[in-house]
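In: How does the following fold in three dimensions:
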Amino acid sequence: MTDVLAHRGAHSNVRDNTLDSFREARELGVAGVELDVRRTSDGSLVVHHDPVVEFLTICETPAHDLPGYVPSLEESLVVLAGLCVNVEIKNSPDEPGYDDSGSLVRAVLNRVETAQGTTVIISCFDLATCEAVRAQSDSVDLAWLVQRSLGDTLETAHAARFTGVNPHVSLVNADVARRADELGLSLNVWTVNAPRDLAAMGRLGVARVITDEPALALEILSTLE
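Out: Residues are numbered from 1 along each chain as shown. Modelled structure (predicted):
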């Protein structure tokens, strides 16, 4: 059965990537949540999608100066305890604060390893960051995020001992699902919002859909059981 992960929480009525959005997702009954993590200037790990919030560059700002609605990763994991949490590490060479030393990866791993009873998947668009995750942990679930083209992504992920790939929904078809299964890779597909796409991913049997419409996804996928 395909699991539903609420993209940045359930945010139809509240701000995304906040504790309120995570609580709403839990109340809906989803299997889990996808969230984004960044590091502040004082080394704190906070949950926010963009590198800048209210004109503050997160990597150049201490955590206590950020808006109060920006939660820490630790707070988020407490609220989401027992669910599946896809932690996307926001670490890109074209954004401020790019870390190629592996210290951001180590900080994230140290934090998620304390999340008792929670299934954690680490993901990132940056292949070097994914490779750093695997170099520092043999056991964590790890998925490479892909947006534009799969190419040899599945083979590369398999060779690098990743456990999955997170492709954009436009890249996934029956051949991709079959090849991922052959290689033992989970497909966590984003951002799956349209009813037609939700049904298609469910029929393909992908491991998870990451969606801005978690209630709709639960309804549609339940009819395919």
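
In: give me the element residue 4 is part of.
Out: Using DSSP states H and E, residue 4 sits within strand 3-7.

In: so who does the residue most central in space within the chain touch?
Out: What sits nearest the mean C-alpha location of the chain, by Cα atoms, centre = their mean, is residue 86, with 3.5 Å. Going by Cβ atoms under 8 Å, 6 or more residues apart in numbering, residue 86 touches 5, 32-35, 120-121, 123, 143, 166, 188, 208, 210. Bear in mind the C-beta positions are built from the backbone N, C-alpha and C, glycine included.

In: So residue 110 belongs to a helix, correct?
Out: Yes - counting by DSSP: H, G, I helix; E, B strand; the rest coil, residue 110 is located in a helix.

In: Check what pLDDT it gets.
Out: pLDDT, residue 110: 97.

In: go on, residue 114?
Out: Predicted confidence (pLDDT) for residue 114: 87.

In: do the one 10 residues further on as well
Out: The predicted structure scores residue 124 at 98 on the pLDDT scale.

In: Got phi/psi on the closest residue to it other than its chain neighbours?
Out: Excluding the flanking residues, the one nearest residue 124 by Cβ to Cβ, 6 or more residues apart in numbering is residue 89, at 4.5 Å. Note on residue 89: its backbone torsions stand at phi -80, psi 120 [degrees, to the nearest 10].

In: what does residue 141 give?
Out: Per-residue torsions, residue 141: phi -70, psi 130 (degrees, to the nearest 10).

In: Among the contacts of residue 86, which ones are in strands?
Out: Secondary-structure check on the contacts of residue 86 using DSSP state E: residues within strands are 5, 32-35, 120-121, 123, 143, 166, 188, 208, 210.
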